[in-house]
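> The amino acid sequence is not available; the structure is as follows:
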């Protein structure tokens, strides 16, 4: 079943996926694999990376890809920019490994995920789909 609109809200602690109607939507939540119960960051912290950032967990992004594969249009909200952004990693992962899904991304928007309530996030998504956001080329945009 194709969902006309989907919203992914991602940071390094969890991902919430909302489908179709955003009013009263209940998200599907994904959290990174965390066998020690520390849940500090999405990326691996073990190993020797010689001062470089540890690689992201591809299985986590594969799980998100499975949840959004039926999106007709997909908008992604996340914190930060560049290599520190889980949103950027997700967009890159989908572009490389799930091209058909990546083709449905209509926007990747920087928002303060932790500061906004669920209702505010859903309102931002409704505004995005109703306004200038649809037809976006997938570039990261910043919204306050």
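Received the coordinates, thanks. Not measured: the values here are computed from a predicted model.
> Can you list the residue ranges for strands in this protein?
Ranges of strands in the chain, per DSSP state E, are 3-10, 15-19, 28-30, 71-78, 105-110, 140-142.
> Quick check: which of those strands is nearest to residue 131?
Of all the strands of the chain, it is strand 105-110 that lies closest to residue 131, at 10.7 Å by CB to CB. Placement of C-beta: from N, CA and C, glycine included.
> What pairs with the closest one, parallel or antiparallel?
Counting by DSSP bridges, the strands paired with strand 105-110 are strand 71-78 (parallel), strand 140-142 (parallel).
> by how many degrees do it and strand 3-10 diverge?
30 degrees (axes from the mean of the first three to the mean of the last three CA atoms, to 10 degrees).
> Comparing the strands paired with strand 105-110 by mean pLDDT, which bottoms out?
Mean pLDDT is lowest for strand 140-142 among the strands paired with strand 105-110, at a mean of 47.
> mind listing the helices for the chain?
Taking DSSP state H, the helices of the chain run over residues 58-68, 86-97, 99-102, 118-130.
> Please name whichever of those helices is nearest to residue 75.
Residue 75 lies closest, by CB to CB, to one member of these: helix 118-130, at 5.4 Å.
> in that closest one, what's buried?
Going by neighbour count (16 or more other CB atoms under 10 Å), the buried part of helix 118-130 is 121, 122, 124, 125, 128, 129.
> Could you save the residues you listed as CSV and add columns showing distance to residue 95 and pLDDT?
Below are the buried residues of helix 118-130 laid out as CSV (distance: CB to CB, whole Å; pLDDT from 0 to 100):
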residue, distance to residue 95, pLDDT
121, 23, 92
122, 26, 88
124, 23, 91
125, 21, 89
128, 20, 90
129, 21, 86
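> okay, the residues you listed in a markdown table with distance to residue 63 next?
Output for the buried residues of helix 118-130, formatted as a markdown table (distance: CB to CB, whole Å):
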| residue | distance to residue 63 |
| --- | --- |
| 121 | 20 |
| 122 | 22 |
| 124 | 24 |
| 125 | 21 |
| 128 | 24 |
| 129 | 24 |
